[in-house]
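1. sequence first, then the predicted structure, then my questions.
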Amino acid sequence: MATLRATTVSQGRVAVSSRRVSVVVRADGQINPSIRKSEEKVADFVKASELPKPKAVFCRCWRAEKFPYCDGAHLKHNKETGDNVGPLVIDTAAAAPASQ
């Protein structure tokens, strides 16, 4: 749930009001349009030690041409549908303890 704040200025006075807004996004039909449709359930497992780079970005919109990796396809999907899906970002460098 998001909180919106509105500020109005009138005759030198500032009024601030807040209200909570709930946004519900529902998908019509299937969410996955084309990825591995012959499989009963698509699940990917990646060990952190096997990531191709210290930061891996995985698709969660099911539209990436490079699935399971994100290629930014969610941007077009979100614009067309009003959805707010984004990638799963795993940053192993952020999790590593700082060297002393």
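-> Received it, and whenever you're ready, just let me know what you need.
2. show me where the chain has its helices.
-> With helices called from DSSP state H, the chain shows them at 73-81, 92-95.
3. what is the burial count for residue 64?
-> 20 (other C-beta atoms under 10 Å). Using the backbone N, CA and C atoms, a C-beta is placed for each residue, glycine as well.
4. residue 63 now?
-> Neighbourhood size, residue 63 [other C-beta under 10 Å]: 21.
5. how much space separates it from residue 91?
-> 23 Å (C-beta to C-beta, to the nearest Å).
6. do the same with residue 66
-> Taking C-beta to C-beta, one finds residue 66 at 19 Å from residue 91.
7. more neighbours: the two, which one.
-> The neighbour comparison of residue 66 against residue 91 (other C-beta under 10 Å) goes to residue 91, with 13 against 10.
8. isn't the more buried one right up against residue 54?
-> Yes - using C-beta atoms under 8 Å, residue 91 makes contact with residue 54 at a distance of 6.8 Å.
9. hey, least reliable of the helices of the chain by pLDDT?
-> Among the helices of the chain, helix 92-95 carries the lowest mean pLDDT, at a mean of 67.
10. give me the pLDDT for residue 58.
-> Note on residue 58: pLDDT of 91.
11. quickly list what it is bridged to.
-> residue 69, residue 88 (DSSP bridges).
12. quick check: it vs residue 50, distance?
-> As judged by C-beta to C-beta, residue 58 and residue 50 stand 13 Å apart.
13. higher neighbour count, the two?
-> A count of neighbours by other C-beta under 10 Å puts residue 58 above the other of residue 58 and residue 50, at 15 against 8.
14. residues touching that one, list them.
-> Counting by C-beta atoms under 8 Å, 6 or more residues apart in numbering, residue 58 touches 44, 46, 68-70, 87-90.
15. most surrounded residue in those?
-> Ranking those using other C-beta under 10 Å puts residue 70 first, with 20 neighbours.
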